[in-house]
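Participant: Requesting a structural model of the entry that follows:
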Amino acid sequence: MALIYAGRYLQDHTGGRPLDLDHTFIVLGGVIGLLMLVIVVLTSLLGAARLQNQINDLDRMLRG
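Facilitator: Residues are numbered from 1 along each chain as shown. As a prediction, the model looks like this:
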């Protein structure tokens, strides 16, 4: 993903749009993508922790 954004940032840009505006959109898209990735990872870790807590509770119930 980083290579795609870097390639887009460094390639020739289309006419009719300022270079600074194009770079701003590319960086903004990269930041949004990174934030989405962080949210998915944190949600996954939270779900795994909750599942582990349920497993631990079941183990305690079985042991008595």
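Participant: Need the residue closest to the centroid of this structure.
Facilitator: Leu37 (1.1 Å; C-alpha atoms, centre = their mean).
Participant: residue ranges with poor pLDDT in this structure?
Facilitator: For the chain, no stretch is flagged by pLDDT under 70.
Participant: Name the single longest helix found in it.
Facilitator: In the chain, ranked by residue count with DSSP state H as the criterion, the top helix is helix 19-63.
Participant: next one: that one to chain centre, how far?
Facilitator: Mean-position distance between helix 19-63 and its chain equals 7 Å (C-alpha atoms, centre = their mean, to the nearest Å).
Participant: helices and strands around that helix, which ones?
Facilitator: helix 2-10 (3 or more C-beta pairs under 8 Å, 6 or more residues apart in numbering; DSSP states H and E). Every residue, glycine included, has its C-beta placed from N, CA and C.
Participant: could I get the helix it packs on in CSV with only the CA atoms?
Facilitator: C-alpha atoms of helix 2-10 as CSV (Å, rounded to 0.1, in the frame of the first residue of the first chain):
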residue,chain,number,x,y,z
ALA,A,2,2.8,2.4,0.8
LEU,A,3,4.4,1.7,-2.6
ILE,A,4,1.2,2.5,-4.4
TYR,A,5,0.9,5.9,-2.6
ALA,A,6,4.6,6.6,-3.1
GLY,A,7,4.4,5.8,-6.8
ARG,A,8,1.3,8.0,-7.1
TYR,A,9,3.0,10.8,-5.2
LEU,A,10,6.1,10.7,-7.4
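Participant: Can you mark which positions in that helix are buried?
Facilitator: Tyr5 (16 or more other C-beta atoms under 10 Å).
Participant: Show residues contacting it.
Facilitator: 23, 26-27, 29-30, 33 (C-beta atoms under 8 Å, 6 or more residues apart in numbering).
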